[in-house]
Every structure is written in structure tokens, then in C-alpha cells.
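Engineer: can you look at this prediction? I've put the sequence above it.
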Amino acid sequence: MAHSTLHIAELTDDYLDYTGRWWRAAELDWTEAAAVCKKDGWYFLIGSGCTGWKPNTARCYRAKSITGPWERLGNPCKGVNPANGLGPDLTWGGQSNYILKKGDGEYVAMFDIWKPDNQIDSRLVWLPIDFNADGTISIEWADDALVLPNGRRVTRSMITGHRGDARSVPENTLMAFRRAVDNGFCFECDFYMTNDGEVYCVHDMNLKRTFGIAGLATNVCWKGTLDKVDVGAIMGPQFAGRADCRVPRIDEVFALIPDDGRKITLEVKDPRPEIVPLIQAAWRRHPNMKEENIIFLAHKATRAALVKVFPRATFQHCVNCYSDGWRKGCTPIPVARQLAELDARPECRNFSPMFDLDLLTPDYIASVHRRGVTFYTWCVDRPEDAVEVFGRGVDGICSNCPVELWEGLKAVCAASKAGVQAP
């Protein structure tokens, strides 16, 4: 049973021996290469599996005391190493080594990129650690991360394409989702169920706007109806006849999702819990879909059914901040009431109110974080708004135009470095 369990030993005052006191951690979890840090009253341990020179999936634990008990959190890694094409499942081809605390209070994780055939050429990778509001940590390989003028570090995976990249191409189509994915962003999509048992993407309950047909999203057949709809032609002649601009079914969507740690938001708009077994069956057909990388948004009964079959997924509580409309100027719902609604949904560890700078104050965001809940907001389409709301502490944003928004953020950062106002 060598290497099956980590042991933590108490050192003598001169650090030259140990006192005889020791404790077990990651018991029978076959973990080695432990790297430990302490942040905000929590100890975090990053480790590796015991596979010799071969890379494996990293794992992470946390504990209130160095002596434990230690809670396993899963794989903290995200992104892909462009040098070897390896992603989080193989820890970018590396193994945990050490965690360095910088003078500014930030932490950097160090990983050995072993090359057993030429050990002298083995390298180190240094990546910043993000400490999330839900008590987890993330370590993301992001070559083009931006540091905003307010000092906030932002990566593409912190931006979710609302219905894909919906401003530039037809929404909720494979084209829209692929445009978000290929540019490094997450995406959000909406699901309903047909009368003949297909799960498909559409946002509106009324099918007229995007599908050009009369009827409701919950009362339509795939065969003979939706399979004939050309969404591209309805949204614009330049998209007519494209296979990736037809009505997408769930398997087609799941096949697009990258296995690199990005979060994908699945809004199950159909209120019928009968849709859940169909989603579960599709998920089982796509091993690239890691349960812990899914964010679900659903009606109460459907959400309860999803929680049972996806216990490691994240569930989102999404709110409209106004009681009598979606536009600024309507009556805002008191923050205390919004937080009470969140507290009444303990299964929801992600909170996503609509975007409004007058309402999304730093105190409001901090009050959600104190509950151990991550804070997203929708929809943020202007770079200056994204800079402001990230500066206030949100964990992620949803945008109708993620590609355009990112280019705008790059311009803001470039202008800030040059000491000029961004266009």
C-alpha cells in the first residue's frame, strides 16, 4: 500500500526532525507531489496521482486545519498547453510541485513538465491560482489573459456567450456555439423537449421569432416540423441553407463542448421533469462532458430532478432585478429579497442577476460571496461595463457578443498601458 495515503508530520522547532506526531490526508487516494498553501483560513493541497513519469489528472483538497479532515474538491486545472496539446485531464503534461505566495498576496502554482527521455529538458510551468467564492480553486492555462486597468485578471473562460455568439450569427445554433468555443469562451444554450422525445435548442416559448412557425416550444414534433426548419434563412439570407444553422439537437451541442475545464450553462427551459432522463442519456453518450463543468438553470421541479442525477454539477439561480419589467427604470426588487430567494435554494451555488451597474454594488456581490456562491451577471456587451463589473468582483459575465467584447477589452487594456483613453 505504498503511496496510497499522504502523511503530514509535525517538525521539531529546528526543522531537522519530526516530533512523532503525524496525520493522514487523502487516505487511500494514491496521491503524491503535494503542494500546500493557506488562504483565508483554509488549507489547500494540490496533488498528483501515482503514475510514475506519465502525467495524470491533478486533484485538490481543502481543510480548516493542516491535520484535516481533508475534503476532496476535484481537478482545479483548466485550459490547454499549446506546446503539447494536453489539457486538464493530464495536467498539461505536468505534475504539481510547489505553491509560491507572492508579495502582493497572490499565489502561483508550480508544475513540473517531465520529459523522462530527456530529463535535462524538463521544465517548470508557473500559473496563478484563483480562489473561488464557492470554496474551490482554479488554475487556468490562459496565454492571453488580460489585466484590466483596475488590476483584475480576466480570462476568456470567465465570459459566457449568451446563446453562443448570438449578435454575429444566428442564436442557439451550432454556428453560434462553435464561434464561442473556437474563440476560447464558454457558452449558454436553452433546451426544450419535443412531443416525439427529442431535446433541442430554442430560447423563446413562441417559435415564431427564430423558427418562423406558429406554435409553442413545448408542443411541437421534431419529425416533419423542426427537422425542416432553416433557422439561418429566417435570421438572414447570408446564413440560409447552412447545416450548422438548422435547429440543433442535444447530442450535436454536447459534441461541441471542449474537455478543457470550461463551464457550459444549460438552461432547461422546458418545465417538464420528463426531459431530465433524455438529458442524462445524452450526457452519458459524451465523455467529454464532465459533470462538474456543467451549470444548470431550470424550473423548480426540473431542477430537483436534475440535482438527483447530476449531484456534482453547479445549479444557478438566475434573477431579473426588476419586479415589473426587464428595463432600467422599472421598480427594482430589494436586494434583501433577492438574497432571501437565493438562501431558499441551497442547491444553487451560482447566482446570476441581470446586469445593472446601479444594482450590482460591491457590497451586494460580496454578500453573495460570503454565502460561498459564485456571482455571474447577464448580459454585458460593452467593454467599459465589463471592466467595471469585473472590478466590483463578479466571477463571470454572460455576453451576446463575446468575441467582439474581448477585442474591446484588449483595446481598453492596450490604451491603459499607453496612457490614453480607449475608443
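Structural biologist: That came through, no problem. This is a predicted model, so every value here is computed, not measured.

Engineer: identify the residues contacting the helix or strand harbouring Ala301?
Structural biologist: In this structure, Ala301 sits in helix 300-309 according to DSSP states H and E. Helix 300-309 is contacted from outside by 268, 270-273, 275-277, 279-280, 296, 298, 313, 315, 347, using Cβ atoms under 8 Å, 6 or more residues apart in numbering. Heads up, the C-betas are built off the backbone N, CA and C, glycines and all.

Engineer: which stretches of the stretch 101-250 of the chain form helices?
Structural biologist: Counting by DSSP state H, counting those that start in this stretch, the stretch 101-250 of the chain has these helices, from start to end: 174-182, 208-211, 231-235, 250-256.

Engineer: between the contacts of helix 300-309, which sits nearest Trp406?
Structural biologist: Phe296 (25.6 Å; Cβ to Cβ).

Engineer: kindly export stretch 331-348 (C-alpha atoms) in CSV.
Structural biologist: Extracted C-alpha coordinates of stretch 331-348, given in CSV (Å, rounded to 0.1, in the frame of the first residue of the first chain):
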residue,chain,number,x,y,z
THR,A,331,-39.1,49.0,-9.9
PRO,A,332,-36.0,47.2,-8.5
ILE,A,333,-36.5,44.1,-6.4
PRO,A,334,-34.9,44.8,-2.9
VAL,A,335,-31.6,43.1,-2.6
ALA,A,336,-32.7,41.5,0.7
ARG,A,337,-35.5,39.8,-1.1
GLN,A,338,-33.2,38.6,-3.9
LEU,A,339,-30.8,37.1,-1.3
ALA,A,340,-33.6,35.5,0.6
GLU,A,341,-34.7,33.8,-2.6
LEU,A,342,-31.1,32.6,-3.0
ASP,A,343,-31.0,31.3,0.6
ALA,A,344,-34.2,29.4,-0.1
ARG,A,345,-32.4,27.4,-2.8
PRO,A,346,-29.4,25.8,-1.1
GLU,A,347,-28.7,23.6,-4.1
CYS,A,348,-27.9,26.8,-6.2
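
Engineer: so the nearest residue to Ala217 once chain neighbours are set aside bridges to which residues?
Structural biologist: Nearest residue to Ala217, sequence neighbours excluded (Cβ to Cβ, 6 or more residues apart in numbering): Tyr192, at 4.2 Å. In this entry, Tyr192 is beta-bridged to Tyr200, by DSSP bridges.

Engineer: number of nearby residues for Tyr192?
Structural biologist: Here the number of neighbours of Tyr192 (other Cβ atoms under 10 Å) works out to 25.

Engineer: pretty sure it is touching Pro271, no?
Structural biologist: No: taking Cβ atoms under 8 Å as the definition, Tyr192 is not a contact partner of Pro271, at 9.6 Å.
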